[in-house]
Every structure is written in structure tokens, then in C-alpha cells.
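*Asks:* my questions are about this predicted structure, shown below with the sequence.
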Amino acid sequence: MAAITVTKDNFEAEVLKADKPVLVDFWAPWCGPCRMVSPVVDEIGEEHNEIKVGKINVDEQGELAQQFGVMSIPSLMVFKDGKVVKQTVGARPKEDILEMLK
């Protein structure tokens with residue numbers, strides 16, 4: 001499944017009430033490491049139907065970034081049952097991101 005754009009308007013439905021784990025990528029267009037991680041996150045979304053992948057642009061969704069204490073990007077968080085169960089900051093290889101989902 002392709003990554004979805006998450007906003008404060010659809011956050012509850014797409015992330016908190018999701019029926020499967022959600023990998024959320026907090027990013028910004030000007031962030032170099034974000035541009036490196038983004039295609040990897042997209043790839044994971046395409047390859048793994050058992051998870052949902054969402055992206056939050058911190059420039060446009062500052063409220064969500066603040067709510068989850070995002071100070072550095074890229075920040076990746078895994079939500080299960082409406083709660084953050086794992087998170088990491090900075091560019092990570094695909095294997096590390098997949099490990100977060102286990």
C-alpha cells in the first residue's frame with residue numbers, strides 16, 4: 001500500500017484507529033536525510049501489506065510534530081492500538097526500520 005499523507009484532520013482515523021501497525025515518517029522537504037529515508041519508507045509500504053505507512057510533513061503539521069515531541073527529523077514512529085510503541089530519529093537503513101516493526 002502506498003504511503004498516505006497524514007494531517008491533523010485524518011490522524012485519528014488513519015493512525016490512532018488503524019486496524020494494523022502504522023509506521024509514521026515525520027519529515028520535511030528541505031531535510032536531506034528525510035529525502036534519503038522517504039523512498040525506503042515508501043518501499044516498505046509497498047512490500048508489507050500487514051502495516052500501514054503514513055507521512056507527516058512537520059512544516060505543514062507542526063501541531064502533530066509538537067504533540068509527539070518531534071525535535072529532529074526524520075523521526076520514525078510505530079503506532080499500535082493508538083500508542084507509540086517504537087521510535088527512532090535520523091536516517092536508518094531499511095533493515096533497521098523493518099526491525100522496528102517486529
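*Replies:* Nice, thanks for sending it over. Residues are numbered from 1 along each chain as shown.

*Asks:* can you show me the helices along this protein?
*Replies:* 11, 32-47, 62-67, 94-100 (DSSP state H).

*Asks:* quick one: residues in contact with stretch 63-72.
*Replies:* 6-8, 11, 26, 56, 58, 75, 77, 84, 89-90 (CB atoms under 8 Å, 6 or more residues apart in numbering). From N, CA and C alone the C-beta is placed, and that goes for glycine too.

*Asks:* and the residues you listed as JSON lines, adding neighbour count and pLDDT?
*Replies:* Conversion of the contacts of stretch 63-72 to JSON lines gives the following (neighbours: other CB atoms under 10 Å; pLDDT from 0 to 100):
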{"residue": "6", "neighbour count": "23", "pLDDT": "97"}
{"residue": "7", "neighbour count": "15", "pLDDT": "97"}
{"residue": "8", "neighbour count": "13", "pLDDT": "96"}
{"residue": "11", "neighbour count": "19", "pLDDT": "97"}
{"residue": "26", "neighbour count": "25", "pLDDT": "98"}
{"residue": "56", "neighbour count": "26", "pLDDT": "98"}
{"residue": "58", "neighbour count": "19", "pLDDT": "98"}
{"residue": "75", "neighbour count": "22", "pLDDT": "98"}
{"residue": "77", "neighbour count": "21", "pLDDT": "98"}
{"residue": "84", "neighbour count": "14", "pLDDT": "97"}
{"residue": "89", "neighbour count": "15", "pLDDT": "96"}
{"residue": "90", "neighbour count": "12", "pLDDT": "96"}
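
*Asks:* in strands, which of those residues appear?
*Replies:* 26, 56, 75, 77, 84, 89 (DSSP state E).

*Asks:* residue nearest the centroid of the protein?
*Replies:* For the chain, residue 24 is the residue whose C-alpha lies nearest the centre (CA atoms, centre = their mean; 1.4 Å).
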